[in-house]
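Undergrad: here is my input, please return the structure:
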Amino acid sequence: MDSIFVYGAGGQGKVVIDAIRSNPAYHRIDQLVDDDRRLHGRTLLGHLVSSPLEIGSERGFIAIGNNANRQEVASRFRGRLVVIAHRSSILAPDVPVGEGTIFLAGSIISAGSRIGENVIINTAASVDHDCVIEDGVHVAPGCRLCGNVHIGSGTLLGAGTIIVPGVRVGKDVFVHAGQVLTRNVPDGAVVRSSHPRLTPTP
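TA: Next comes the predicted model:
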């Protein structure tokens, strides 16, 4: 069993702690830290919150929901981050997974897929065969990715997003909740409707 730090004591921290508790043979939380000094000395699900300065040489996990912030903090701990899987998640045995990634309750990853670093596969999301999820992606609760879908780094797929087979979604895309993607999406787009008008970010 690894004794690890968890970096982030907000909502994402709660679900990370819950996932760790579901599989207690793998990890034990030694330090729960947050940048927000107002949280220091408080507890979250029984764990005392302290400063990131308390992190030693142990391995850990970055529990930050915002993709850019998660990636920035993770870059400070490259090579030291663990993969976490909720006990109820299903991961095909041949799927390569990058460090710092989490599979939350009820998520499913099918054969032939590849998952990058610092990815969140959230509650009850499913990723079908031969998909590629690049670094720093957040696949929100209830998303459904059909086969051969490619998601670029830093992209957020809002809750309930459905993507049909073979679609490529670029880097740093923001997909609002409940969208159905039937065609490719360029880098930096914001997807706002089921038949999206793709609006590049400034």
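Undergrad: the protein: helices as residue ranges?
TA: 11-22, 67-75 (DSSP state H).
Undergrad: and those helices: which comes nearest S50?
TA: For S50, the closest of the helices of the chain is helix 11-22, at 12.8 Å, according to CB to CB. C-beta coordinates here come from the backbone N, C-alpha and C atoms, glycine included.
Undergrad: now do the same contact list for G178.
TA: Contacts for G178 were tallied using CB atoms under 8 Å, 6 or more residues apart in numbering; they are G158, A159, G160, T161, S194.
Undergrad: go again using 6 Å as the cut-off
TA: By CB atoms under 6 Å, 6 or more residues apart in numbering, the contact set of G178 is G160.
Undergrad: next: the one 3 residues further on.
TA: Shown here is L181, whose contacts under the criterion CB under 6 Å, 6+ apart are I163, V167.
Undergrad: pLDDT score for it?
TA: We have a pLDDT of 97 for L181.
Undergrad: who's in contact with stretch 21-29?
TA: Residues from elsewhere that reach stretch 21-29 (CB under 6 Å, 6+ apart): M1, D2, S3, I4, V6, I20, H47, H86, R87.
Undergrad: can you flag the buried ones in those?
TA: When the contacts of stretch 21-29 are checked for burial by 16 or more other CB atoms under 10 Å, the buried set is I4, V6, I20, H47, H86.
Undergrad: among these, which two are most distant?
TA: Spatially, the most separated pair among these is H47 and H86, at 17.5 Å (CB to CB).
Undergrad: how about the nearest residue to the residue nearest the centre of the chain, chain neighbours excluded?
TA: Centroid-nearest residue in the chain: I120, 1.1 Å away (criterion: CA atoms, centre = their mean). Of all residues not flanking I120 in the chain, H138 sits nearest, at 4.5 Å (CB to CB, 6 or more residues apart in numbering).
Undergrad: can you get me a residue count around the one you found?
TA: The tally of other residues near H138 (other CB atoms under 10 Å) stands at 23.
Undergrad: OK, contacts around C131?
TA: So C131 contacts S113, L145, V149 (CB under 6 Å, 6+ apart).
Undergrad: turn those residues into TSV, columns for pLDDT and neighbour count.
TA: As requested, those are exported to TSV (pLDDT from 0 to 100; neighbours: other CB atoms under 10 Å):
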residue	pLDDT	neighbour count
S113	98	23
L145	98	29
V149	98	24
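Undergrad: local confidence estimate at the residue nearest to I120?
TA: Looking at H138, its pLDDT stands at 98.
Undergrad: look up how far G158 lies from it.
TA: In this view, H138 and G158 are 9 Å apart by CB to CB, to the nearest Å.
Undergrad: reformat the contacts of stretch 21-29 as JSON lines; add pLDDT.
TA: Below are the contacts of stretch 21-29 laid out as JSON lines (pLDDT from 0 to 100):
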{"residue": "M1", "pLDDT": "79"}
{"residue": "D2", "pLDDT": "87"}
{"residue": "S3", "pLDDT": "94"}
{"residue": "I4", "pLDDT": "97"}
{"residue": "V6", "pLDDT": "98"}
{"residue": "I20", "pLDDT": "97"}
{"residue": "H47", "pLDDT": "97"}
{"residue": "H86", "pLDDT": "98"}
{"residue": "R87", "pLDDT": "97"}
